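Chemist: Give me a 3D structure for the following:
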Amino acid sequence: MFAPVKPVSVVITERQLEWLDHRRAQGCISRSAVLRIVLDRLIQQEQAQVAVTKQTDGL
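Modeler: Alright, predicted model coming up:
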């Protein structure tokens, strides 16, 4: 089970939404694909922070 963490908040600017909608209209990317990419990045950041914490706690 994962340790409790702060809630995740993602803000999408109007420009980013226009870009995404344009790509979606072309069939290049879906909103769910973008969400998966964002979640993968958040998971990587969290794991990196945990690794650093474990290193500093072990010293």
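
Chemist: How is residue 28 assigned, secondary-structure-wise?
Modeler: Secondary structure for residue 28, judged by DSSP: H, G, I helix; E, B strand; the rest coil, is coil.

Chemist: tally of neighbours for it?
Modeler: 10 (other Cβ atoms under 10 Å). All C-beta spots, glycine's among them, are computed from the backbone N, C-alpha and C.

Chemist: separation between residue 33 and residue 48?
Modeler: From residue 33 across to residue 48, the span is 23 Å (Cβ to Cβ, to the nearest Å).

Chemist: So which of these two has more stuff around it?
Modeler: residue 33 (13 against 10).

Chemist: now for the helix or strand that contains the more buried one, which elements pack on it?
Modeler: Taking DSSP states H and E as the criterion, residue 33 maps to helix 31-58. Contacts defined by 3 or more Cβ pairs under 8 Å, 6 or more residues apart in numbering; DSSP states H and E place helix 31-58 against helix 14-25.

Chemist: and stretch 6-20, which residues are buried?
Modeler: Of all the residues in stretch 6-20, those buried under the rule 16 or more other Cβ atoms under 10 Å are residue 20.

Chemist: Skipping its backbone neighbours, what lies nearest the residue nearest the centre of the chain in space?
Modeler: Centroid-nearest residue in the chain: residue 38, 2.7 Å away (criterion: Cα atoms, centre = their mean). Nearest non-adjacent residue to residue 38, counting by Cβ to Cβ, 6 or more residues apart in numbering: residue 10, 6.1 Å away.

Chemist: Could I get the pLDDT score of that neighbour?
Modeler: With respect to pLDDT, residue 10 scores 81.

Chemist: Next: the one 5 residues further on.
Modeler: Among the per-residue scores, residue 15 shows a pLDDT of 96.

Chemist: Spit out the contact partners of it.
Modeler: Shown in contact with residue 15 (Cβ atoms under 8 Å, 6 or more residues apart in numbering): no residues.
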